[in-house]
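>>> Sequence plus the predicted model coming up.
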Amino acid sequence: MQPSNVPTQEQRYVTDKHINYSHNQHTQSIPYNPESPLNTTQTTMPIVSTAFHNSKSSIRHYRRHSRCLSAAATTNTATATNNNKPCPTTTLLHLDHHHVLHPYTSMTHPLPTVPVTSAQGVHFTLSNGTRIIDGMSSWWAALHGYRHPKLDEAIRRQVTECMSHVMFGGLTHRTAVLLACRLLEMVNNDMDAESNDDDDDDNQCLERMANLSINGHHNHDHHFTKVFLSDSGSIAIEVAMKMAIQYWFTVLGGNSSKTKFVSLRNGYHGDTFGAMSICDPVNGMHSMFDGILAKQWFVPSPVGCREEDGVETIRQLEQVLTCHSKEIAAVVMEPIVQGAGGMKFYHPSVLRKARELCDEYNVLLIFDEIATGFGRTGAMFAGWHDEESYRPWSSLLHECTDSDTPRRGGHTNAEKAKSIVYPDIVCLGKALTGGYVTMGATLTTSKVAHGISDQGGPFMHGPTFMANPLACSVALASLKLMRTSPWEERVNHVREQLVKNFSPLAQLSSVREVRVLGAIGVCELKESLSRDQMETVQRTLVNEGVWLRPFGKLLYTMPPFNCEELEDEHLRKIGKAMYIVASDL
């Protein structure tokens, strides 16, 4: 029976061959459904606090509660000391609003924040006890979900049995060496790295790598042999750029003019200064810094997901390299998926032709796999895609990329090696540690390493928390989960469910395109969301039991695809929540 405090609902339905959606026009609460496998113990799901929806209302709220907050602060100090009880949520939100800065939001009039107390599996638990589905994997990172026992245990053992941190200058430790070896096996697509054998122990991995190092055997020209473990994805990009510049500086005898980079329009590579310089200078997030960032070369990104959509990109890339290769150190690309620059997909042929051009014009190639690495796109790394594995779905191109397109059976390692496009430098991050600890990695080849240091010169970078043992240990546990879990089956299933549940969005007048690749689902709107619309959309999504972080014209999801607790109903609920907010725009 419906609770008395729930308003009468007006229902409207949209039907297509895939799914039916029920649109709840009321955003104050969601009726408790005892039949739903996702129900909580509450009869309604309260909306996120409206106390901070705009500056005027927030000021009234703070004045109204100022005496209460002052008293609470005094009381809570004693309470926290004596009883170890948390401060009230209102106090935390007040302090958060006034003193804590959040990503990409105003320093004085920030958007509302949602207080989370815990996370488990695919859910966040809010301070009021409500559970909501995490549709973002905390910005691509938590691919196994939250509080995974294997990852928790790796952190616990590292802290209790070894150490939480030691400097990496002049020192080393087993977890860093082992992580470097595991990454090299995985990124090089070596036979043993593909083993699903849970008994493939760490000592065997170290022995394999030692033998490989002694024998000097390489599977291909761009075999990775060196790993730089840093503290974030953005720093991994900085390290890659410095490697490229220092390589040419040394190889050309200190007289190198090869200090520039080529990147794609709509690209995003991070928020540090070097990384910002290779992000889109017009459509990106850093245009205000244009006057002080290094000037780089840009070519248009592919206009769609088909092979022919990348022809102009390659034509202009060749033109830039023909005219300016003596100035260019490297081409930098997000393979297959351009993330924060618009969640755009493009065909793997672009990568192959970029590799050929870089070889022809004596320029290095850098892949930014920070967002796409570790299975998100349907391949372990996006640069591994070929025509067989690359399976985008678009509401604009059903006939070209239909989800029912037949697939050939699994590739052998020899077949994979032939189709993989290997860069000279690859950057990893985000999902590297399963979303537990910040970490980045930059991998490169012996060619680059010898070019930089054969004359005795050191590579000039060294973060304080380089190769942090906690990060290394949980990264090793995350990589083992990828080796031993059926992650490819899970990604394919998530893809099918995203196509099924996102298809109805394409019928809405506010939507330009719906597209899916691997465990990435994107709804591109015709118009960008205003600040007020963003606030309303975020609140409605939470009320629908889903956490997403829209930006610009994009509503998108990248759920924790390798989490055993992820169910079809969760993906259906994400699709429904998107439909509700898009239909009101």
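On my side now, so go ahead.
>>> pLDDT weak spots in the protein?
Counting by pLDDT under 70, the chain shows low-confidence ranges at 1-84, 86, 191-200, 216-221, 284, 398-417.
>>> hey, where'd the helices end up in the stretch 351-500 of the chain?
Assigned by DSSP state H, counting those that start in this stretch, the helices in the stretch 351-500 of the chain fall at 413-419, 446-453, 469-484, 487-502.
>>> Send over the last one as PDB, restricted to the C-alpha atoms.
By that I understand helix 487-502. Extracted in PDB, the C-alpha atoms of helix 487-502 (Å, rounded to 0.1, in the frame of the first residue of the first chain):
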ATOM      1  CA  TRP A 487      35.600  -9.300 -17.000                       C
ATOM      2  CA  GLU A 488      35.100  -9.500 -20.700                       C
ATOM      3  CA  GLU A 489      31.800 -11.300 -20.300                       C
ATOM      4  CA  ARG A 490      30.700  -8.700 -17.800                       C
ATOM      5  CA  VAL A 491      31.600  -5.800 -20.000                       C
ATOM      6  CA  ASN A 492      29.700  -7.300 -22.900                       C
ATOM      7  CA  HIS A 493      26.600  -7.900 -20.700                       C
ATOM      8  CA  VAL A 494      26.700  -4.400 -19.400                       C
ATOM      9  CA  ARG A 495      27.000  -3.100 -22.900                       C
ATOM     10  CA  GLU A 496      23.800  -5.000 -23.900                       C
ATOM     11  CA  GLN A 497      21.900  -3.700 -21.000                       C
ATOM     12  CA  LEU A 498      23.000  -0.100 -21.600                       C
ATOM     13  CA  VAL A 499      21.900  -0.300 -25.200                       C
ATOM     14  CA  LYS A 500      18.500  -1.800 -24.100                       C
ATOM     15  CA  ASN A 501      18.000   0.800 -21.300                       C
ATOM     16  CA  PHE A 502      19.300   3.800 -23.100                       C
END
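>>> and that helix, what other elements does it pack with?
Other helices and strands packing on helix 487-502, by 3 or more Cβ pairs under 8 Å, 6 or more residues apart in numbering; DSSP states H and E, are strand 511-517, strand 520-525, helix 568-583. Where you see a C-beta, it was placed from the backbone N, CA and C, and this is true even at glycine.
>>> Report the buried residues of stretch 461-478.
Residues of stretch 461-478 classed as buried: 463, 465-478 (neighbour count, 16 or more other Cβ atoms under 10 Å).
>>> ends of that stretch, how far apart?
The straight-line separation of the ends of stretch 461-478 (Cα to Cα, to the nearest Å) is 26 Å.
>>> what does stretch 558-566 give?
End-to-end distance of stretch 558-566: 12 Å, with Cα to Cα as the criterion.
>>> Pull the residues that contact that stretch.
121-122, 133-137, 140, 142-146, 148, 375-376, 481-482, 485, 487, 490-491, 494, 518-521, 570-571, 574 (Cβ atoms under 8 Å, 6 or more residues apart in numbering).
>>> Could you rerun that using 6 Å?
If you take Cβ atoms under 6 Å, 6 or more residues apart in numbering as the criterion, stretch 558-566 is touched by 121-122, 135, 137, 140, 142-145, 485, 487, 490-491, 494, 519-520.
>>> Check whether Lys226 sits in a helix, strand or coil.
The three-state label given to Lys226 by DSSP: H, G, I helix; E, B strand; the rest coil is strand.
>>> check contacts around Arg495.
Arg495 sits next to 516, 518 when contact means Cβ under 6 Å, 6+ apart.
>>> Would you mark the buried spots in stretch 379-395?
Applying 16+ other Cβ under 10 Å to stretch 379-395 flags 379-386, 389-395 as buried.
>>> and if you look at stretch 496-508?
Within stretch 496-508, the residues scored as buried using 16+ other Cβ under 10 Å are 496-506, 508.
>>> same check, this time on stretch 241-259
The neighbour-count check on stretch 241-259 (16+ other Cβ under 10 Å) flags 241-251, 256, 258 as buried.
>>> hmm, who's touching it?
Outside stretch 241-259, the residues that touch it by Cβ under 6 Å, 6+ apart are 274, 327, 329-330, 364, 425, 444, 448, 451-452, 461.
>>> give me that answer again for 8 Å
Stretch 241-259 is contacted from outside by 228, 261, 274-275, 278, 326-330, 332, 363-364, 366, 424-425, 442, 444, 448, 451-455, 457, 459-461, using Cβ under 8 Å, 6+ apart.
>>> Output the helices and strands packed on helix 487-502 as CSV; include the columns mean neighbour count and distance to Val114.
Converted to CSV, the helices and strands packed on helix 487-502 look like this (neighbours: other Cβ atoms under 10 Å; distance: least, Cβ to Cβ, whole Å):
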stretch, mean neighbour count, distance to Val114
strand 511-517, 23, 25
strand 520-525, 25, 21
helix 568-583, 22, 14
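>>> wait, which of these is closest to Leu95?
Proximity to Leu95 (Cβ to Cβ) singles out helix 568-583 among these, at 29.2 Å.
>>> Give me the angle between the closest one and strand 520-525.
Relative orientation of helix 568-583 versus strand 520-525 (axes from the mean of the first three to the mean of the last three Cα atoms, to 10 degrees): 10 degrees.
>>> Off-centre distance for helix 568-583?
Helix 568-583 has its C-alpha centroid displaced from the chain centroid by 20 Å (Cα atoms, centre = their mean, to the nearest Å).
>>> Over to stretch 143-153?
For stretch 143-153, the distance to the chain centre is 17 Å (Cα atoms, centre = their mean).
>>> Could you do stretch 203-216 as well?
Centroid separation between stretch 203-216 and its chain, computed with Cα atoms, centre = their mean, is 32 Å.
>>> now stretch 568-585
21 Å.
>>> circling back: can the helices of the stretch 351-500 of the chain go into CSV with extra columns for distance to Thr557?
Formatted as CSV, those follow (distance: least, Cβ to Cβ, whole Å):
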stretch, distance to Thr557
helix 413-419, 28
helix 446-453, 36
helix 469-484, 21
helix 487-502, 7
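>>> isn't Cys279 right up against Leu264?
No: assessed by Cβ atoms under 8 Å, Cys279 is found out of contact with Leu264, at 10.0 Å.
>>> Find the centremost residue of the chain, please.
Trp140 (2.8 Å; Cα atoms, centre = their mean).
>>> Of the contacts of stretch 558-566, just say which sits nearest to Trp547.
The closest of the contacts of stretch 558-566 to Trp547 turns out to be Gly135 (Cβ to Cβ; 5.9 Å).
>>> neighbours of the closest one, just the number please.
25 (other Cβ atoms under 10 Å).
>>> Please name the nearest non-neighbouring residue to it.
Distances taken as Cβ to Cβ, 6 or more residues apart in numbering put Thr557 closest to Gly135, at 4.1 Å, once the chain neighbours are dropped.
>>> ok, that neighbour to Gly341 distance?
17 Å (Cβ to Cβ, to the nearest Å).
>>> Same question for Ala210.
As defined by Cβ to Cβ, Ala210 lies at a distance of 41 Å from Gly341.
>>> higher neighbour count, these two?
Gly341 (22 against 11).
>>> That one and Val282 touch, don't they?
No: under the criterion of Cβ under 8 Å, Gly341 is not in contact with Val282, lying 10.9 Å apart.
>>> contacting residues for the closest residue to Asp568 other than its chain neighbours?
Leaving aside its sequence neighbours, Asp568 sits nearest to Gln497 (Cβ to Cβ, 6+ apart; 5.5 Å). By Cβ under 8 Å, 6+ apart, the contact set of Gln497 is 568, 571-572.
>>> Run a quick neighbour tally on the residue nearest to Gln338 when sequence neighbours are not counted.
Spatial nearest neighbour of Gln338, excluding adjacent residues (Cβ to Cβ, 6+ apart): Lys344 at 4.5 Å. The number of residues packed near Lys344 is 23, by other Cβ under 10 Å.
>>> ok, Lys344 to Pro302 distance?
Lys344 sits 7 Å away from Pro302, going by Cβ to Cβ.
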